[in-house]
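A.B. asks: Could you look at this predicted model? Sequence included:
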Amino acid sequence: MSNTTITIETLKPSHAEELAELQKLALPTLTESAWLKKEHFLKHSDLFPEGNFVAIADGKIVGLGSGFLTHFDLERPRHRFLEFIGHGFYTNHTPHGDWYYGGDITVHPEYRRRGIGGLLYQARKGVVQKLNKRGIVAGGLIPGFARHKHLMRVPRYVKKVIAGEIHDSTLSFQLNHGFTVRTLLKNYIDDAPSNNWATLIVWDNPHYPHYHPA
């Protein structure tokens, strides 16, 4: 498996059914209502296919990086995940929005630690730069908190992850790919390991604004 070629493609309607199965494999701690389903991916491919990506290896889909464009107010960041993403349909997509909102990034359990997540983040950053957007904003889960919740509260845990004192499989990965934590989001999503908390992470496009000469 280590020599398998991994390719990144933009989302197509033919990917929808397989992506729905990937959700169940990659995100087992989420409630069923939080999983994206076939009809959601069909809508994504209709609304913003160039901003949604799949990773393919061994003839199957092993990763997903999805999202949409929106106007996001960093001064008023509080929001609930399912409401903000149109209950999975990404109907809040705004073509002229100045931020790319990261809706989902998942990797098949058997293909993790092989750089797939990094390739998907790279694809997201690429479309942000191509479209001249401010950057990427997303709510990030903190699955490692489950092992520490008896010792500390979420703010302290996140500070320790940022300082490199604790490794969190999701947040540490995001920090290593240039994201920063702007604030914490309470009751962001129904996720027991995170006690329903998430981080608000941001990647600023270093090339924004890019002025095109007349």
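C.D. replies: Sure, I can see it. Numbering: from 1, shown residues only.
A.B. asks: any chance you could map the helices in the chain?
C.D. replies: Under the criterion DSSP state H, the chain contains helices at 16-26, 38-47, 81-84, 116-130, 154-162, 171-176.
A.B. asks: Buried ones in the second one, by neighbour count?
C.D. replies: Read that as helix 38-47. Along helix 38-47, these residues count as buried under the neighbour rule (16 or more other Cβ atoms under 10 Å): 40-45, 47. Quick note: C-beta positions are derived from backbone N, CA and C, even for glycine.
A.B. asks: Show me which of those is closest to residue 174.
C.D. replies: The shortest approach to residue 174 among the buried residues of helix 38-47 belongs to residue 44, at 21.5 Å (Cβ to Cβ).
A.B. asks: quick one, phi/psi of the closest residue to that closest one other than its chain neighbours?
C.D. replies: Spatial nearest neighbour of residue 44, excluding adjacent residues (Cβ to Cβ, 6 or more residues apart in numbering): residue 52 at 5.0 Å. Here the main-chain torsion angles of residue 52 (degrees, to the nearest 10) amount to phi -130, psi 130.
A.B. asks: ok, residue 52 - how many residues close by?
C.D. replies: 27 (other Cβ atoms under 10 Å).
A.B. asks: does it really touch residue 42, like I thought?
C.D. replies: No: the pair residue 52 and residue 42 does not pass the contact test of Cβ atoms under 8 Å, sitting 11.3 Å apart.
A.B. asks: what about residue 191, distance to residue 120?
C.D. replies: From residue 191 over to residue 120 the distance is 20 Å, taken as Cβ to Cβ, to the nearest Å.
A.B. asks: just residue 65 next, same as before
C.D. replies: Between residue 65 and residue 120 the computed distance is 3 Å (Cβ to Cβ).
A.B. asks: Which residues are in contact with each of those two?
C.D. replies: When contacts are counted by Cβ atoms under 8 Å, 6 or more residues apart in numbering, the set common to residue 65 and residue 120 consists of 53, 55, 105.
A.B. asks: ok, the first one touching residue 11?
C.D. replies: The reference is to residue 53. Yes: counting by Cβ under 8 Å, residue 11 is a contact partner of residue 53 at 6.7 Å.
A.B. asks: Mind listing the shared neighbours of these two?
C.D. replies: Jointly contacting residue 53 and residue 11 under the rule Cβ under 8 Å, 6+ apart are residue 66.
A.B. asks: show me the contacts for residue 53.
C.D. replies: Residue 53 touches 8-11, 64-66, 120, 123-124, counting by Cβ under 8 Å, 6+ apart.
A.B. asks: Contact partners for residue 23?
C.D. replies: For residue 23, the residues meeting the contact criterion (Cβ under 8 Å, 6+ apart) are 35-37, 106.
A.B. asks: Taking those together, which two end up most distant?
C.D. replies: Distance extremes for these: the farthest pair is 37 and 106 at 13.6 Å, using Cβ to Cβ.
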